[in-house]
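Q: Next one to model:
(2 chains)
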Amino acid sequence: MKISVMSEGLGLAYVDGGPPLAKKNRGRYEFLEHTADVLFRAYGNNLNELFENSAEALESVMIDLSNIALKDIKHIKLSSDTYENLLFDWLSTILILFDVEYFAIRQFNVNIKETSLTADCSGEKIDTRKHKLKVEVKAVTYHELEIAQDDVYHVNVTLDV
Amino acid sequence: MKIMDLKKVNDFTWEIQKDPLVGMRVPGRIFLSETLLNYLEPGAIQQVKNVATLPGIQKYSFAMPDVHTGYGFPIGGVAAFDVIEGIISPGGVGFDINCGTRLLATRLKLEEVYPKIQELVNKLYTSIPAGLGSKGKLKVSEKELDQVFINGAKWALRSGYGNESDLKHCENNGHMESAEPSKVSPLAKKRGMPQLGSLGSGNHFVEVQYVDRIYNQSVAHTFGLRENQVCIMIHSGSRGAGHQICTDYLRAFQSAAFKYSIQLPDKQLACVPADSTEANDYFSAMSAAANYAWTNRQMMSFWVREVLEREFNVEVNVVYDVAHNIAKLEKHKVDGEMKEVYVHRKGATRSFDKDPSYGIGQPVLIPGSMGTASYVLCGTKDAMEMTFGSTCHGAGRILSRKAAKHQLTSKAVIEDLKQKHVLLKTGNISDIPEEAPEAYKPIDEVIDVVNKLKISEVVLKLKPIGVIKG
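A: Numbering: from 1, shown residues only, chains lettered A, B, ... in the order given. A predicted model of the protein is given here:
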């Protein structure tokens, strides 16, 4: 009996092992081992950069960033009590823009004052004929979410996928 | 904590001794064979210990044999908390509230379906919305969504997606009374509305399977299953609605935990006292998400039924439907006395010894990894005594998604499935390695442990012939 395998739908091509941005962007963010979910470590010379790089890491899990045009800008304003809570709210907002408004972002411009944030996020509406969707992120977790600082700021973020 | 620090209680039970210095209130117990012990990660042991520090925890912090590192609770974690002294934790349920499994049975034999499997898989794929950000086929208003949150799968029946007997064989009859849509945020509703009646992606699937081997003929007969019979298994959850409800309460409980002076080893374990208003609000919203998930699986069952009726002119019955990410208010024996507790099952299945619809232990549905066997087991008295009526939920990951993609190619996985006579249809080829059998523990070994421990008894084995993935 002949058994065949079909694939269609999103018109996706094969990819090789691991997120391709991990190596290229070492220094901004990298993906680490986690058995069930996605874990990345983001870096930044300051908190603005740390938040921008974390958001790009999240976005890169969900979609191929290479062909997202900078057509539209979303302005985001958030306020919180701690930097960790602010980061959680920030990343959750990026995820919601993706999941609810189907808006993919390639450029983040973050400005943090105290524990408040304003950001301009440039990108475009997702078009499945053009964009390559990757992994469905269910949520940002609080698992071991601690912002630390040595020579640079860094944070480990676990995403539920 | 290292594996060598675990104390062997019996052939399948390993204890993490209570260490008050790190705040453990009870010991941890992990159920593993010697083989599965090799897969145990230090991170998972740490997470079992972390759960043991939560206020009001009863007896043990448990981990089932499919345990692996999660976030907050380990996957495969079971913990019960006192209703007064204890807590409720959104992290102990997870983001995909009432992610679960449903098994549908047909009267068809393997020989009747196998020659037409390609056509059947194609038809199922076009009938069930699947994939990243997949939207349902119908648009529900916010008012209707509230009815879904309140009534669960009953809403689906009233809307024409099934019949009364479907819910007779379903955990909680497909709905939790405790649901309260006013405790669900507008954002969670916004995420939930377009996705009702969709499979999602990741490890969610619809599989065409057949009964390969029966281990307990009499129980299989009671569940209406016999050798060579074709079944359909659905694995799905509460989609964006559930994810957002968990996110909302997890966020809110960051400060609530501080307010109630609860010390946490991990922010993801954020929790509130079980008798607080906050706990009641979360439990009401979580129940709404659970109802959404049961509705979701009911609607997908309807579309499966439509396809099978059209293609084979055959009836489709629900064997059972189980939740494996949920918190429940249940009565269990603790220190010789029956008491109410909030049982958190995070990647664990209920395994009650009495199911009113069958008059014996409830069916326990355990999906294997893609292309491998799934099992039907039966709930037991031993589970009621030992594990707050709980057992495993699947195979349990051993390879990270990153490692799986590194070690395996989609082509090789597809080739392997072909060898096993399994047809796969997916919209996302690049994710295939992430769900390959090599990324998971051997399901047969996991089932062997729960069977020998008697926290559920094996009834039969199902093998797949067709897989639909998002």
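Q: Just checking, which helix or strand of the chain averages the lowest pLDDT?
A: I went with chain A, as the question did not name one. Among the helices and strands of chain A, strand A:6-7 carries the lowest confidence by mean pLDDT, DSSP states H and E, at a mean of 32.
Q: sorry, should have said chain B
A: Least confident element among the helices and strands of chain B, by mean pLDDT, DSSP H and E: helix B:401-407 (a mean of 86).
Q: buried stuff in that one?
A: B:401-405 (16 or more other C-beta atoms under 10 Å in any protein chain shown). C-beta: built from backbone N, CA, C; applies to glycine.
Q: Just want the residue of the stretch 251-400 of chain B that's nearest chain A.
A: Closest approach between the stretch 251-400 of chain B and chain A, counting by C-beta to the nearest C-beta: B:K267, at 3.8 Å.
Q: quick one on the thing from earlier: could you check how far the helix or strand just after the least confident helix or strand of chain B is from the centre of its chain?
A: Sequence order places helix B:410-419 as the next helix or strand after helix B:401-407, per DSSP states H and E. Centre-to-centre, helix B:410-419 and its host chain are 26 Å apart (C-alpha atoms, centre = their mean, to the nearest Å).
Q: ok, now stretch B:225-243?
A: In terms of C-alpha atoms, centre = their mean, the centre of stretch B:225-243 is found 10 Å from the chain centre.
Q: again with stretch B:126-144
A: 21 Å.
Q: What parts of the stretch 151-300 of chain B come near chain A?
A: Taking C-beta under 8 Å from any C-beta of the partner chain as the test, the list of the stretch 151-300 of chain B residues beside chain A reads B:187, B:190-191, B:200-202, B:240, B:243-244, B:246-247, B:250-251, B:254-255, B:266-268, B:270.
Q: Just the ones of the residues you listed in strands?
A: Using DSSP state E, no member of those falls in strands.
Q: thinking again about what came up before, what sits against the residue of the stretch 251-400 of chain B closest to chain A?
A: Neighbour list for B:K267: A:84, A:142-145, B:254 [criterion: C-beta atoms under 8 Å, 6 or more residues apart in numbering or on different chains].
Q: Of the residues you listed, which is the most crowded?
A: A:Y142 (27 neighbours; other C-beta atoms under 10 Å in any protein chain shown).
Q: And that one, how far from B:I45?
A: Distance, A:Y142 to B:I45, using C-beta to C-beta, to the nearest Å: 20 Å.
Q: ditto for B:E278
A: Using C-beta to C-beta, B:E278 is found at 30 Å from B:I45.
Q: quick one: which of the two has more around it?
A: The residue with more neighbours, out of B:E278 and B:I45, is B:I45; 23 against 18, by other C-beta under 10 Å.
Q: what helix or strand does the more buried one sit in?
A: helix B:42-52.
Q: need the next SSE after that helix, C-terminal direction.
A: strand B:61-71.
Q: which strands and helices sit next to that next one?
A: Contact here means 3 or more C-beta pairs under 8 Å, 6 or more residues apart in numbering or on different chains; DSSP states H and E; on that basis strand B:61-71 packs against strand B:28-31, helix B:42-52, strand B:73-82, strand B:390-391, helix B:443-453.
Q: Low-confidence stretches in chain A?
A: For chain A, residues meeting the criterion pLDDT under 70 lie at A:1-26.
Q: quick one: contacts for the most centrally placed residue in it?
A: By C-alpha atoms, centre = their mean, chain A has its centre lying nearest to A:L58, at 1.4 Å. Counting by C-beta under 8 Å, 6+ apart, A:L58 touches A:40, A:91, A:94-95, A:137, A:140, A:157, A:159.
Q: elements contacting the helix holding B:I45?
A: Counting contacts by 3+ C-beta pairs under 8 Å, 6+ apart, helix B:42-52 packs against strand B:13-16, strand B:28-31, strand B:61-71, strand B:73-82.
Q: What does the pLDDT read for the residue lying closest to B:Q268 once chain neighbours are set aside?
A: Of all residues not flanking B:Q268 in the chain, B:G72 sits nearest, at 3.3 Å (C-beta to C-beta, 6 or more residues apart in numbering or on different chains). Per-residue confidence (pLDDT) for B:G72: 91.
Q: Please apply the same query to B:A105.
A: Looking at B:A105, its pLDDT is 98.
Q: I'd like to check which residues are in contact with the closest residue to B:A252 other than its chain neighbours.
A: Once flanking residues are discounted, B:A252 sits nearest to B:E278: 7.1 Å by C-beta to C-beta, 6+ apart. Each residue near B:E278 by C-beta under 8 Å, 6+ apart is listed here: B:252-253, B:256, B:272.
Q: Need the worst-confidence member of those.
A: B:A256 (87).
Q: residues touching that one, list them.
A: Contacts of B:A256 by C-beta under 8 Å, 6+ apart are B:270, B:272, B:276, B:278.
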